[in-house]
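**Student:** My questions are about this predicted structure, shown below with the sequence.
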Amino acid sequence: MTNKKDLSDRINPEIREVLLEMGAEDIYKCYQCGKCASACPWFQVGTYEFPIFRLALEAALGMIAATEDKDELAREVDKIYRCVGCEACMDQCPHGVNIPAIFRAGRRLLVDFGSYPDVLKGIVQKIRNVGNPLGEPREKRPEWAADLDVPPFEAGMEYLYFPCCLPSYDPRLKSVAQATAGLLRAGGAAFGILGARENCCGEAIRRIGAEAVFEEVRQANTEAFAEAGVTKVVVSSPHCYSAFKRDYPGFGSELEVIHVSQLLAAWIEEGRLKPVKSFDKKVVYHDPCVLGRQNDVYEEPRRVLDNIPGLELLEVEDFCRNLSLCCGAGSGGLWMEWDKTERIAEVRLNQLVGTGADVIAVACPYCLQMIEETAKSMKVETPVMDITEILIQAL
């Protein structure tokens with residue numbers, strides 16, 4: 001008979017105190033009701049048991065990363081990096097427990113120990129070295145705009161356009177940045193880009209737990225924006241939007257941060273943009289977690305789509321707006337390789353395709369890449385488009 005260590009052998013008050021310092025203050029608010037687990041996207045996947053409420057208790061006992069057994073630590077790392085940061089748990093929690101912050105504290109501890117997934121170590125290193133998670137040279141960052149005559153930002157321009165790393169470099173997602181630039185020009189805006197002076201916003205690596213590298217890119221972006229004289233910044237990515245508004249101290253109060261869907265909806269209502277060409281398709285809109293649930297931007301993307309002639313807007317019944325199912329790309333999930341039977345994006349794609357839509361519309365580069373790549377792997381032919389790509393066709 002195997003002797004098992006008493007649970008008290010694993011309790012570590014020192015780790016608990018470190019976790020509290022790293023942002024896990026809500027561990028004592030959780031009373032283990034389990035409602036968060038049913039809201040978690042892993043519950044919908046159904047093949048991976050993920051009782052996330054237990055993490056609060058484990059953190060309170062200091063049991064995170066407290067083992068010296070390699071296999072047990074590997075299982076713990078896998079568990080802590082399963083969280084995709086969608087905040088559905090927080091949205092449904094009766095006490096408003098910030099479970100994502102508890103996960104992030106656990107990740108910060110694992111990063112400090114060097115015990116986190118190698119693929120994410122690579123992402124963090126690329127952002128530290130060249131300012132983007134793709135590892136591309138800085139000087140290539142503005143190449144998406146090479147044929148569009150988009151000027152460098154100068155003080156006095158109305159908007160800085162900050163496209164996000166993925167639309168800046170990824171061959172498919174460059175279309176999002178290009179469509180956005182076209183819409184800004186069609187709306188008569190004076191705008192420019194920082195190009196090679198930009199760094200990744202750092203939202204993803206902060207949620208990975210690499211706080212020190214996040215601080216480096218935050219400082220670099222803050223200084224670049226201040227030196228350029230930026231007062232308003234338009235972003236394509238909800239992740240950039242959230243980082244600037246929530247993670248950069250004082251940044252959101254000094255600058256006006258605008259997601260492109262907010263700007264486009266306002267311009268359409270003002271008559272500054274007039275969709276006139278018909279887009280005769282049924283379109284289902286996928287609510288990005290970071291834009292919707294975390295920043296309460298639900299209606300603006302829908303208003304953009306609703307104003308396009310011929311477009312019939314559909315919804316995923318029971319799984320839209322604050323109940324939208326995550327695509328699985330957040331908090332480093334975009335780069336993680338889970339088993340074929342354990343992919344959140346497949347569940348979400350089935351929900352979206354199940355509406356009978358001709359096109360899946362998104363307002364987030366992460367969601368676009370995750371859902372489109374999943375569609376390819378599942379041999380689903382329904383196209384995935386950013387709302388800017390749809391709107392520019394209708395002008």
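**Tutor:** Done, it's in.

**Student:** burial measure for Glu49, as a count.
**Tutor:** Per other Cβ atoms under 10 Å, the neighbour tally for Glu49 reads 9. Using the backbone N, CA and C atoms, a C-beta is placed for each residue, glycine as well.

**Student:** ok, now how distant is it from Leu61?
**Tutor:** Per Cβ to Cβ, to the nearest Å, Glu49 is found 20 Å from Leu61.

**Student:** Excluding chain neighbours, what is closest to Leu148?
**Tutor:** Distances taken as Cβ to Cβ, 6 or more residues apart in numbering put Ala181 closest to Leu148, at 5.4 Å, once the chain neighbours are dropped.

**Student:** Skip ahead from the longest helix belonging to the chain and say which helix or strand is next.
**Tutor:** Using DSSP state H, we find that the single longest helix of the chain is helix 211-228. Moving toward the C-terminus from helix 211-228, the next helix or strand (DSSP states H and E) is strand 232-235.

**Student:** In that following strand, which residues are buried?
**Tutor:** Using 16 or more other Cβ atoms under 10 Å as the test for burial, strand 232-235 gives Val233, Val234, Val235.

**Student:** From the contact counts, what lies against the longest helix of the chain?
**Tutor:** Where contact means 3 or more Cβ pairs under 8 Å, 6 or more residues apart in numbering; DSSP states H and E, helix 211-228 is packed against helix 118-130, helix 203-208.

**Student:** which ones are touching Val233?
**Tutor:** By Cβ atoms under 8 Å, 6 or more residues apart in numbering, the contact set of Val233 is Tyr159, Leu160, Tyr161, Phe162, Phe225, Phe244, Leu255, Glu256, Val257, Ile258.

**Student:** got the residues you listed as JSON lines, with secondary structure columns?
**Tutor:** Formatted as JSON lines, the contacts of Val233 follow (DSSP: H, G, I helix; E, B strand; the rest coil):
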{"residue": "Tyr159", "secondary structure": "strand"}
{"residue": "Leu160", "secondary structure": "strand"}
{"residue": "Tyr161", "secondary structure": "strand"}
{"residue": "Phe162", "secondary structure": "strand"}
{"residue": "Phe225", "secondary structure": "helix"}
{"residue": "Phe244", "secondary structure": "helix"}
{"residue": "Leu255", "secondary structure": "coil"}
{"residue": "Glu256", "secondary structure": "strand"}
{"residue": "Val257", "secondary structure": "strand"}
{"residue": "Ile258", "secondary structure": "strand"}
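
**Student:** Please list only the buried members of the residues you listed.
**Tutor:** Of all those considered here, the ones buried according to neighbour count by 16+ other Cβ under 10 Å are Tyr159, Leu160, Tyr161, Phe162, Phe225, Phe244, Leu255, Val257, Ile258.

**Student:** per-residue confidence for the last one?
**Tutor:** Confidence per residue is given as pLDDT, and for Ile258 that number is 98.

**Student:** If we ignore the residues flanking it in sequence, what's nearest it?
**Tutor:** Val234 (5.0 Å).

**Student:** Check the secondary structure at Ile360 for me.
**Tutor:** strand.

**Student:** end to end, how far does stretch 16-31 reach?
**Tutor:** 17 Å (Cα to Cα, to the nearest Å).

**Student:** ok, and what's touching it?
**Tutor:** Stretch 16-31 is contacted from outside by 53, 56-57, 59-62, 64, 95-99, 101-102, 104-106, 108-109, 211, using Cβ under 8 Å, 6+ apart.

**Student:** cutoff 10 Å now
**Tutor:** 12, 36, 52-66, 90, 93-109, 112, 209, 211 (Cβ atoms under 10 Å, 6 or more residues apart in numbering).

**Student:** Let me know the average pLDDT across that stretch.
**Tutor:** Across stretch 16-31, the average pLDDT comes to 93.

**Student:** Stretch 290-305 too?
**Tutor:** Confidence for stretch 290-305, expressed as mean pLDDT, is 98.

**Student:** do stretch 222-233 as well
**Tutor:** In this model, stretch 222-233 has an average pLDDT of 95.

**Student:** Quick check: buried residues in it?
**Tutor:** Of all the residues in stretch 222-233, those buried under the rule 16+ other Cβ under 10 Å are Thr222, Ala224, Phe225, Ala228, Val230, Val233.
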